[in-house]
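Engineer: how does the following fold in three dimensions:
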Amino acid sequence: MAVALTAACSSGKTESAEPPATVAVTTTPSTTTEATTTTTTTAAPAVRSFASGPDPKVILTTTGITAPVVGREGDALLIGTPCGFSTPVKEGTPVDGIVVLDAGHGGEEPGAVGPGGLTEKELNLAVTKQTKQALEAQGVTVVLTRTADYRITLEARAKIVTTLKPKAFVSIHHNAEPDGPRPQGPGTETYYQTAGDSSAQSKRLAGLVYEEVVKALSQYQGTPWVADTDAGAKYRKSSSGDDYYGIIRRTHGTPSALAELGFLTNAPEEALYAKPEVQKVEGEAVARGIKRFLDTNDPGSGFTEPYPRETPAGGGGGASNCHDPAM
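Structural biologist: Model (predicted):
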């Protein structure tokens, strides 16, 4: 039986708004089905028994859920569940990575929804898996916080990051409610940490991801892009002075960025993002930004001063009424 592990999380961005194996959204914007894409070339680690140590930090359960190890109960490990409980498991696959990727939203929290019905949760997952595939093809080890279409709290996502302590963490999203048209190009936004000892590197990571995504999406000339007027690599602080968005606030100590790749609620962009080949372009762009962060001292670009925001970014990310998937 699962027992409570953590308190409910505070909500972050629509957090803007937050899911098995490699997937891609089909080309029809109104669908929510997912189709298998080319699998990665990395060999799957073997399932092992946890009857004896050494205990791993994070595992992939036999049902495909990423879970941090929080203790031991006899011949079983206690793992944290997506909804913030703990439960014992006797076998699974230890996982580790120098990069952790987070597909925003999932389950009962669809995030933004395009005019044709494409949900942010499925698009985020498809792009995140393309990012993982591109990084693994270059020898970078990657762990996903969310592997399928299920709900996972911000605190549970962050627990995976703070347990593994990767070199970089990126939460992948698509946006809603733009200020208006942006003739000069995509309205990509990335957010970085302003507090904590990882803030300088977080800013560099956000600038590099921004640079690569804008460059990649700009090839789709003629797209009527929309944006907020302060589009770019930026920050948002809470009234307390800490970072506003929970997913980067809870991961201080790891260079973290929240990436809003484009505006899903803009019909022409929705039609673009619904194409698996464009999801691949997005994912590979995020991967290039991360790889440059890992391999170079490039500073990134697109940094902008955000205008003041008082309206809450949206709900989601908490534990209220959360239902765990099969573990």
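
Engineer: now residue 114. Nearest residue, chain neighbours left out?
Structural biologist: Take residue 114 and drop its neighbours on the chain: the residue closest to it by Cβ to Cβ, 6 or more residues apart in numbering is residue 270, 3.4 Å away. C-betas here are computed from N, CA, C, even on glycine.

Engineer: who's in contact with that neighbour?
Structural biologist: Neighbouring residues of residue 270 by Cβ atoms under 8 Å, 6 or more residues apart in numbering: 29, 114-116, 118, 264.

Engineer: equivalent analysis for residue 185, please.
Structural biologist: Under the criterion of Cβ under 8 Å, 6+ apart, the contact partners of residue 185 comprise 214, 217-218, 225.

Engineer: if we use 7 Å, what do you get?
Structural biologist: When contacts are counted by Cβ atoms under 7 Å, 6 or more residues apart in numbering, residue 185 is found next to 214, 218, 225.

Engineer: can you say which of these are buried?
Structural biologist: Buried residues within those, counting neighbours by 16 or more other Cβ atoms under 10 Å: 214, 225.

Engineer: out of the contacts of residue 185, who's nearest residue 194?
Structural biologist: Proximity of the contacts of residue 185 to residue 194, judged by Cβ to Cβ, is greatest for residue 214, which lies at 21.8 Å.

Engineer: hmm, back to that, tell me the buried residues in the helix or strand harbouring the residue nearest to residue 114?
Structural biologist: Element membership of residue 270 [criterion: DSSP states H and E] is helix 267-273. Within helix 267-273, the residues that qualify as buried are 269-273, counting by 16+ other Cβ under 10 Å.

Engineer: follow-up on the earlier one: of the contacts of residue 270, which is the most crowded?
Structural biologist: Counting neighbours by other Cβ atoms under 10 Å, residue 264 leads those with 30 neighbours.

Engineer: returning to what we had before: TSV please, covering the contacts of residue 185 and showing pLDDT and secondary structure.
Structural biologist: What follows is the contacts of residue 185, written out as TSV (pLDDT from 0 to 100; DSSP: H, G, I helix; E, B strand; the rest coil):
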residue	pLDDT	secondary structure
214	98	helix
218	98	coil
225	98	coil
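
Engineer: returning to what we had before: which pLDDT value does the model give the residue nearest to residue 114?
Structural biologist: pLDDT for residue 270: 98.

Engineer: distance check, it against residue 122.
Structural biologist: Using Cβ to Cβ, to the nearest Å, one obtains 12 Å as the distance from residue 270 to residue 122.

Engineer: circling back to that earlier point, and the contacts of residue 270, which is closest to residue 178?
Structural biologist: Distance to residue 178, by Cβ to Cβ, is smallest for residue 264 among the contacts of residue 270, at 10.4 Å.

Engineer: list the contacts of that closest one.
Structural biologist: Residues counted as contacts of residue 264 (Cβ under 7 Å, 6+ apart) are 112, 114, 118, 120, 123, 174-176, 270, 273.

Engineer: got it, and residue 321?
Structural biologist: Counting by Cβ under 7 Å, 6+ apart, residue 321 has no contacts.

Engineer: how near is it to residue 142?
Structural biologist: Computed as Cβ to Cβ, the residue 321 to residue 142 distance reads 31 Å.

Engineer: please report phi then psi for residue 282.
Structural biologist: Residue 282 adopts backbone torsions of phi -60, psi -50, taken as degrees, to the nearest 10.

Engineer: run a quick neighbour tally on it.
Structural biologist: By the other Cβ under 10 Å criterion, the neighbourhood of residue 282 contains 27 residues.

Engineer: same question, residue 196
Structural biologist: As a burial measure, the neighbour count of residue 196 was computed by other Cβ under 10 Å and equals 18.

Engineer: which stretches in the stretch 1-150 of the chain count as strands?
Structural biologist: 3-4, 23-25, 34-36, 48-49, 58-60, 66-73, 76-80, 85-89, 91-95, 99-103, 142-144 (DSSP state E, counting those that start in this stretch).

Engineer: tell me the most buried of the ones you listed?
Structural biologist: Looking across these with neighbours counted as mean count of other Cβ atoms under 10 Å, the highest average goes to strand 99-103: a mean of 28.

Engineer: that one: how far from the chain's middle?
Structural biologist: Taking Cα atoms, centre = their mean, to the nearest Å, the mean C-alpha location of strand 99-103 is offset from the chain mean by 5 Å.

Engineer: picking that back up, make CSV out of the buried residues of helix 267-273 and add distance to residue 280.
Structural biologist: Output for the buried residues of helix 267-273, formatted as CSV (distance: Cβ to Cβ, whole Å):
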residue, distance to residue 280
269, 16
270, 17
271, 16
272, 12
273, 11
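
Engineer: now, which of the residues you listed sits nearest residue 129?
Structural biologist: Distance to residue 129, by Cβ to Cβ, is smallest for residue 273 among the buried residues of helix 267-273, at 14.3 Å.

Engineer: for the residue nearest to that closest one when sequence neighbours are not counted, give its distance to residue 74.
Structural biologist: The spatial neighbour of residue 273 that comes closest, neighbours along the chain excluded (Cβ to Cβ, 6+ apart), is residue 123 at 5.7 Å. Distance from residue 123 to residue 74, counting by Cβ to Cβ: 42 Å.

Engineer: same check, this time on residue 218
Structural biologist: When residue 218 is compared with residue 74 (using Cβ to Cβ), they lie 56 Å apart.
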